[in-house]
Structures are given as structure tokens and as C-alpha cells.
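K.L.:
Need a 3D model of the following:
(one chain, ligands or ions: 1)
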Amino acid sequence: MSDFTPGQRWLSESETELGLGIIKELDYRLVTVEYPAVEEERTYAINNAPLSRVTFDVGDTIRTGDELELTVAEVNELNGLKVYMAHPAGETDNVQPVPETLLGHTLKLNSALDRLLSNQLASNRWYELRVDALNAHCQQQQSRIQGLRGPRIDHIGHQLYIADQVASRYAPRVLLADEVGLGKTIEAGLILHQQLLTGRASRVLVVVPSPLVHQWFVEMVRRFNLHFSIFDAERLEALQPETSIKDMLAQIIEEERLGEEQGEAPANNDNPFLSEQLILCSTDFLSECDIDQLASADWDLLVVDEAHHLAWSEQHPSDSYLRVETIAQQARGLLLLTATPEQLGLESHFARLRLLDPDRYPSLEAFREEQSHYQEIAQLAGELHDQPDWDSALVEKAKALLPDMEITPDARDSVLAELLDRSGPGRVMFRNTRHNIAGFPLRHVHGSPLPLPDEYRYDQDEELEGHLHPETLYHDDRWCTLDPRVTWLEQFFKQHRHDKVLVICASRHTASDLHAHCNYKLGMNIAMFHEDMDLIERDRAAAFFADDVDGAQALICSEIGSEGRNFQFAHHLVLLDLPLNPDLLEQRIGRLDRIGQREDIQIHVPYFEGHAQEVLFRWYHEGMNAFEHTNPAGHDIYLRSRDALEPLLSSDPEYTAIDALVADTRVIADELQTLMETGRDRLLELSSCDTDRADALRDELAQADAQSPLPFMQRVFDRYGVDQEEHSDTAVILKPGPHMRDAFPGLPDEGITMTDDRATALARDDMQFMTWEHPMVTGSLEMILGENRGKAAVSLLKNPRIKPGTLLIEAIYTVESMAPRYLQADRFLPCTVIRHLLDANGKNISQAISHEGLSQQCHKMDKALSRKIVSSQKTLLEKLLKANDVAARKEADDVVAAALIAMREEQNHELARLKALQAKNPAVRDEEITALEQQTAQLEKLIGDAQCQLNAVRVIVAAGE
Ligand SMILES: Nc1ncnc2c1ncn2[C@@H]1O[C@H](COP(=O)(O)OP(=O)(O)OP(=O)(O)O)[C@@H](O)[C@H]1O
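P.N.:
I've put the predicted structure just below:
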């Protein structure tokens, strides 16, 4: 197809919602089309652009950019562009030229009627496939659980709740802070999946620590069908255009010219980060790349995993924090993931919250102050949540904090949500703990006291590091032969020959010496994992450990192995030393204590008697019970007992002093535990999961699972020539068939095995999980709806009770708004189907006969006869359908009115929140409020202008038996 000319009007066959496009640019290979209605552009390969030329004939009605409706009287052509001579209806003298470039950008797509009246008829089956596809498409858009059904995951309540709360938000900005191993990656994946599927986001940047890049990549493909491109220095280098000196000079001259003309530098169209929509990179890459270039790549969502590394203080914000901040300020949405938000202290925690919602968190001082009131707020929120009726004292208390709200138990959910948002950690942070989620395995700790070798008796002045990890003072691996922990480990491996064992120690030297010792001196089969290994080596080591046939019995890793990785197939954990930071201890245990762990977890700690290691062991175990239970107050306990703890770590500790430390720590732990239960944690618990809502979501999803797309897809496969072969009761093998003309979405040449059963999909990674959200299914829907086939048909009705010759018309309309994607108007007005079934008098009898019931009785009609019927009834059909347009539009108006109400409610709610925050916090700028008001006005206009179009039409003629 090479007959494009700039200025011509074309329509995207697969994305008709973009409106009427205008050819903007052409080269020998590509054509760029601008869609002014939605402020978007698309570039297609010329030879297979999915575009249809839009032209009008004499007698057609056209609409100009300034909303004039004119009737075409004559069509001329000038340099490949149409010029319509047209006049207002009834004013034939008032003819004016309308070049096609001046046509309006939204197009009334009445082509179903055109196709019917011009006898471009499809078979009954194509029509039914189209209508079913349309219904499925609209049901998807209207579903409350859209985006949650497709992922290959178990339905776990707290994850679904968070995804449901966050995913439907406009440009979500949240901290996912569930305790270690409760599924933050899965929650982030669910949110991304939902945002991408609904078109709320299309450009996503994910930043994770280097060791987790591969795991994230695999998890996103396997569970969510999201294919990220991994960016590293090498890839970036390969993307840089090769520039000759001549080109560079030409570029400099051009830049100077433009700079002089416009007083500013030209836009950078060569940003390599714009080459992909979904990019995954490591934090190492982030620290060395051109951060301004990365930040300017128009991200809809930025995701940062293990965000506790982003250290910040007023005087010394870390480089990694500043780099993330640069991107986060330009990206529309932001997801920060950390299990230990306060690992680097309250200041850094505050700084991350401020990145998420600067209005809500204006200053560290205010944040500290707010924290000190959490207990009162928690008590109030608890009463509002727990008490069925609210007495006047309770209402008064709530009113004082929410003066602009009506406080009644009927509005319990919104009152609580507002309270948590404005005065608690609110909707910015979600944190679920094992405390509020059932079904986690027990954890048992086994301490093994060992004698301290004389070689490790260092003098008092040695650095703390030397006391905690005495082996690190050796420059080689000689320590392995004298350290009783090594002998202990050797015995342990022998006793647990058939178990997988994860060994964690602080230093990479300890890990690699120990690995060499076990493998080469003792002849064992052990894998190793530390930060000096490259990514591929690390992934290989993790896979070698995971392999339960020929794999390693144990994996020895340095601290880096304790972050993010999934080792829940093992249930023995050996801690060769203990970290000083309770959050790190929890991270270590979290490798095994994760969703999917089926056994009780056995934690083994060999330590030296009468040594810093014993102090730490007892402090953790007896002081705060941190091995057997997650201790959410760990960091605060550390801060409060640090002064008593640290002196004992650097000298030969007295047992009486250790006993006193343990007893004091226990008092602090109990006190903090109570405070948390009644304070912040209670608030977080209330905002992080509502079990009723979570249960309802699980039920809805279970019902959705029962509505398999397979029967529909089997008809699609038949129509498009895809071969199907039964694999088993729950799976099918699909291959391109010999008669397939074009590529089928998501079907590789070698074929694919798909199951529509969730349990099978979870157990069988080699199969694809077919749901209504799978790319093959959504691609098929797009393909069917993008085609003209099936828009108009004639069929024979076989029903003895209906008089032969009776004529019916089934008219399927859709109501949709054409709005730029960033406004996300479909949150309020999803695509909606209106079905009318007309008799020959134009009476709508759709309530009496459903589409499905009718379809069962409708049969193929011979093509020649179909054409004859249309030709002979053309006037009647046109009259009935045009008259019915009014009735359909009236129904559409009701749909639009409901959408407007929902939109106003949501936007006003957001406005009220912003204004209430502004009253407390002058950092909320007036411009933000104005921007929101403008957005509301835009939505009001675009939803109000939603179009009701005839999308498919079937003429039905009764034939008796
Ligand atoms: N809904 C689910 N269905 C199936 N597997 C799940 C589900 N949720 C979590 N998992 C599995 O549980 C493990 C922990 O999940 P995930 O990695 O998302 O946790 P996390 O909170 O990010 O952990 P960490 O704090 O260590 O980073 C992973 O192996 C994940 O695949």
C-alpha cells in the first residue's frame, strides 16, 4: 500500500476509538498518522498498515472540525486529497469547499449501516462472532476485577485487596510494604497488569537490585505475560546511533539554527529509552546512566524494588535516592516496594513517603508530630471500624478530624478511608503482616553453642566487625580448618543429606572460602552466591540450588543472597553469623518464610560461647523472639537497646550483663509491641486489607474462572484456521493451520499448549494460561472488532411459531467516549453495548428475545438471496434503522448520564481531599487544584460527547420450520 498522501484521512482498523487520523509523515517504509481526537500518534509499516481510507460520496453527511454538519454535493480531488463541495442540510445554494484536512477528528462510524445498505454482507457466523466479541470486550471493560483475572497466581486475599485498591487509581503512587515474602512482587505485577491492560499505563520502568533482574524478568513473563526489555550499559551502547563526524557537524549547525530561531534546544527524539515500552534495569545501571535522559522518557509508572536502600537525610540525601527522585518527579505513577521501610531509619522512610505524595507529607517535622498521634487516631479508627452504631461523642471526635464529611455509620468505609488517608498512613502505604494473615508455617530456632578458638580471641580494641565476624581478619581460607562452625556445618550437611540447605553469612569472603572448602576439600556438592559473581553466574547458582534432581544440596550466600530471592523450596536455614540489624535478620529468614513454603522452617545458628555471637543470638531470641516470629518493632528495639548492646559485642561479655540486656530488651519489645498494636500497626492493618472485600474479590474471581474463554476461542480458531488438538481434559494444543492466511495473535509457528484451568496453569509452567485477559484472547477480540467482516448480515430464522416472511432487525450499538488516554475516561464510561431487536414496525422487542436465544434459531442464508432481500427492502431498512437511532441515542444518554455522575463523584472526592489537605498544609498548591478542576471539565465534555454507533446489524427473515 503506497498511496498515502500527507493530509489524507484514514481510520485505524484495530483502534477505531482513536478517531479519524490524518497522514502526517511518510518515508519509503513508514507512515505516521496523527489522531487529533485523542492527541496520539501511531507509526505503521507502509506495507501492512491496518488503516482504511475514509472518503465520502455525494449525499453523505460530513462533519467539519468546527462542528458543522454538511451534505456532500460534489467530490473533487487535488494532489491526492479530497475536497468536498458541501452545504448545510436544505441549503443547496450555500455550497462551500471542505478539504478533507478540515474534517472533524471524531468520526461517526455508521459503516455497519453502510455495509448493509451497500450489500457488503458477512455470513451469520461472522456476525455472531463479532457480536460475541463485542459483548466480551465490553464485559471486560466493565468488570470490577479487570486486570486481576489473567495473572497466573493463586488468589490470595491481601494481595487482591491491595491490587484492587491501587490498580484502579489514576496514576497510582504507593509504597507496597508487606512483610518479607508476602508477595509484593506479585502485588506490583497485578497493578502493572491491570494498568497496562486497561490502557491506563503504557510505559513502565522497573528498577531492581542487580541480583533480582532475572527473577523479576521471569516472574513478569511467567505470571503476567509482561515482556520487559532488560536495559544495561551494553544494550544502551548498541542503541546509540552511529554518528559520523559529518552528521555531528550537521546536527550542531541544525541545533544552533533552531536555538537561534526559537531560543531553545530542539527536543531529543533519539532518547534510547523511548525505544521500548516496558523496561527493566538494575539499580547499578541507574547509578551510572544519564539520569535526565532516562527520566525524560515519559514514564507512566516507575517501580522500585527493595526501596529501603534509598537513604535520605536532610543534609545527605544519597545519590540513589536523588536519582530515583529525578525520575519519580516526572513519572506519573510510582510503586516503591520494601519489606522493611524503616530499615534506614525514620528520615529515609519519610523521604520515600514524600516522593509518593508530597502534599500529604510536606515536612519531616510534621511527619514526626503526626506519628506521635497515631495511637489516638488508631483508637478512633478502631472504634469507627468495630462499633456497629456510633454515639455522639464518637461522631464528634471524627468530625474534628474530618470537618468536611458527613459522619454516619452508613458512610463507614469512606469515613474510615478518609481518616486513614488524612491522619494515618493512609492510602499511600500498604503493609500486611503475618499477624493478620493466616496459614504461614511455624519457625523453629536451634542454637548450637561452640567453643571459641584461641585464634579468634582478638584484643579489645579490634573493630566491631572483627568481633562479629572474626574469620574476616584472615586473608586466606586457613580459618576454615580451625573454625568449629565449619566442622559443625560439615556434620550438618551429612545429617541432612536429603534436604536443601540455605546458608547465609555476612561477607562474600566467608562465603567463597567456605564454598571452596566444602567443595574442593570435602568433596561436597554446594553452590555459592555473592556480589562479586556476575548476574549470569548468580542466576546459574540459584538454578543449580533449585534443581531437585541433580542440583546442589546447599547454597552458601553472602548477605546479598538474603534479598528478594525465592528459596521457599528449602526449609533449613543456617545462619553462620547474625546481622546487627533486625530487619536484615528478617530478610534472611524471609528467603524461606514465603508464600509457597510448605514445611515448618528450621533455623540453625551455630555461635561461639561467651562471645559477641552469643550476645546477638540471645538478644534476638530471648530478647525479642525474632527467629520464631516476625518482629515488626525490630528496628525500634535496636535503636533503644543499642547503647546497652554494642559494648557487649566488643569485649568478653559478662553473663550477668548479657542476662540484663536480654531482660531489658524484652521489656522494650513488649512495650513497643503494645504500642504498635494500638497505634500505627493497627492503622496500617485497617488500611491494608479488608477481609470482607478480599473474600468478595476471591469469590468474584472464582466465578470469573468458571467463565472460560475457550468455547468462544474455539469458534475463533475455526474461523481463522487455527488447528486444535486435545492435550488432556484441561488443555489444548494449538498450531497454525494450513489455511491460515495471516499470523494469529500470540500463536507461534511451532504451536502452543494452553489450559483454561488455574490449578493446571499453576502447576505447569510449560502451558499458557488462557483467560479473557490473555494476549491471545485480547488480540483476537481486537482483530475481530477491527475488521469490517461481520458488521452486517442477513440470516434465516427457523421457528415454526413465527410467520414465514416476518422481518426482524437486530441492531447492536456501542457507546464509547473518544478521550485522550491520559484522562482514562473509561474508568467512568467503559464501552457499553445497547441491543435493539426491531420488528417491521420499528418496535423494539429485544426484552422478549435474547441475542443467544435468537442466535440458536438463526441460520445461514444463501448470499444471492440475502442481497436480494436487502435490495428489495433497502428503503424500509434505512428508515427503520435511522428512526431507531434516536431511541438508541436516548438509551445511550442514560448510560452517559450515569457515567457523568460517577465521574463527578470521584473527581469531587479528590478535590475535597486536596482542599482538606491544603487547609492543613500550604504545600498543596492552588495550581494542583486548578489542574484537577480542568481535568474534571475535560472529562465532563468528552464523556458528554460520547458517541453511540451502530456496530453490527443483522436482518432476519423468518422461514417457518
Ligand atoms: N498469589 C500468589 N500465587 C502464587 N505464588 C505466589 C503468590 N504470591 C506470592 N507467591 C510466591 O511467593 C514468593 C514470594 O512472593 P514475592 O517475591 O512477591 O514476595 P515479596 O514480598 O516481594 O518478597 P521480598 O520481601 O522477599 O522481596 C514468590 O516465590 C512468589 O512467586
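K.L.:
Name the single longest helix found in this structure.
P.N.:
helix 863-920 (DSSP state H).
K.L.:
So what touches the very next helix or strand once past that helix?
P.N.:
Following helix 863-920 in sequence order, the next helix or strand is helix 926-944 (DSSP states H and E). By C-beta atoms under 8 Å, 6 or more residues apart in numbering, the residues outside helix 926-944 that reach it are 359, 817-819, 823, 825, 828-829, 896, 899-900, 903-904, 907-908, 910-911, 914-915, 918. Any C-beta I mention is one placed from the backbone N, CA and C, and that applies to glycine too.
K.L.:
same thing but 10 Å
P.N.:
With contacts defined as C-beta atoms under 10 Å, 6 or more residues apart in numbering, helix 926-944 is touched by 37-38, 106, 170, 358-359, 817-820, 822-829, 893, 895-897, 899-900, 902-904, 906-908, 910-911, 913-915, 917-918, 925.
K.L.:
Same question for stretch 91-103.
P.N.:
Applying C-beta under 10 Å, 6+ apart, the contact partners of stretch 91-103 are 6-9, 20, 22-23, 54-56, 62-66, 68, 70-78, 81-88.
K.L.:
Sort out which of these are buried, if you could.
P.N.:
With burial judged by 16 or more other C-beta atoms under 10 Å, the buried subset of the contacts of stretch 91-103 is 7-9, 20, 22-23, 54, 56, 62-63, 70-72, 75, 81-84, 86.
K.L.:
which residues sit in contact with the residue nearest the centre of the chain?
P.N.:
In the chain, the centroid-proximal residue (C-alpha atoms, centre = their mean) is residue 192; its distance is 1.0 Å. By C-beta under 10 Å, 6+ apart, the contact list for residue 192 reads 147, 151, 163, 167, 201, 204, 206, 220, 224, 226, 228, 278, 300-301, 303, 333, 335.
K.L.:
same thing but at 7 Å, please
P.N.:
204, 224, 226, 301 (C-beta atoms under 7 Å, 6 or more residues apart in numbering).
K.L.:
what's the burial count for the nearest residue to the last one once chain neighbours are set aside?
P.N.:
In space, and not counting its chain neighbours, residue 301 is closest to residue 333: 4.0 Å by C-beta to C-beta, 6 or more residues apart in numbering. With neighbours defined by other C-beta atoms under 10 Å, the count for residue 333 comes to 24.
K.L.:
So residue 333 sits against residue 171, correct?
P.N.:
Yes. Judged on C-beta atoms under 7 Å, residue 333 makes contact with residue 171 at a distance of 4.4 Å.
K.L.:
Overlap of the contact sets of these two?
P.N.:
Listed as contacting both residue 333 and residue 171 by C-beta under 7 Å, 6+ apart is no residue at all.
K.L.:
re the thing from before, got the angle for the longest helix of the chain vs helix 926-944?
P.N.:
Calculated by axes from the mean of the first three to the mean of the last three C-alpha atoms, to 10 degrees, helix 863-920 forms an angle of 160 degrees with helix 926-944.
K.L.:
Provide the secondary structure category for residue 238.
P.N.:
With DSSP: H, G, I helix; E, B strand; the rest coil as the basis, residue 238 sits in helix.
K.L.:
OK, contacts around the residue nearest to residue 301?
P.N.:
Contacts for residue 333 (C-beta under 7 Å, 6+ apart) come out as 171-173, 201, 300-301.
K.L.:
same question, residue 377
P.N.:
Applying C-beta under 7 Å, 6+ apart, the residues near residue 377 are 419, 423-424, 683.
K.L.:
What count of nearby residues applies to the residue of the stretch 751-900 of the chain found nearest the ligand?
P.N.:
Distance from the ligand to each residue of the stretch 751-900 of the chain (C-beta to the nearest ligand atom) is smallest for residue 762, at 6.7 Å. Number of residues near residue 762 (other C-beta under 10 Å) recorded here: 14.
K.L.:
now the helix or strand containing it: mean pLDDT?
P.N.:
In the assignment (DSSP H and E), residue 762 maps to helix 758-763. Per-residue pLDDT over helix 758-763 has a mean of 90.
K.L.:
can you narrow the contacts of residue 333 to ones near the ligand?
P.N.:
For the ligand, no contacts are drawn from the contacts of residue 333 by C-beta under 6 Å from any ligand atom.
K.L.:
Just the buried subset of the residues you listed, written out for ChimeraX, thanks.
P.N.:
Command for ChimeraX, covering only those of these found buried under the criterion 16+ other C-beta under 10 Å:
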select :172,173,201,300,301
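K.L.:
Okay, and which of the contacts of residue 333 map to strands?
P.N.:
Taking DSSP state E as the definition of strands, the contacts of residue 333 contribute 173, 301.
K.L.:
got the contacts of residue 333 as a markdown table, with pLDDT columns?
P.N.:
Converted to a markdown table, the contacts of residue 333 look like this (pLDDT from 0 to 100):
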| residue | pLDDT |
| --- | --- |
| 171 | 81 |
| 172 | 88 |
| 173 | 91 |
| 201 | 89 |
| 300 | 93 |
| 301 | 95 |
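K.L.:
Find the residue ranges of the stretch 651-800 of the chain scoring beneath the pLDDT cut-off.
P.N.:
Where the stretch 651-800 of the chain drops to pLDDT under 70, the residues are 651, 677-681.
K.L.:
Could you give the bridge partners of residue 601?
P.N.:
For residue 601, the beta-bridge partners under DSSP bridges are residue 443.
K.L.:
State the distance from it to residue 594.
P.N.:
The gap separating residue 601 from residue 594 is 10 Å, by C-beta to C-beta, to the nearest Å.
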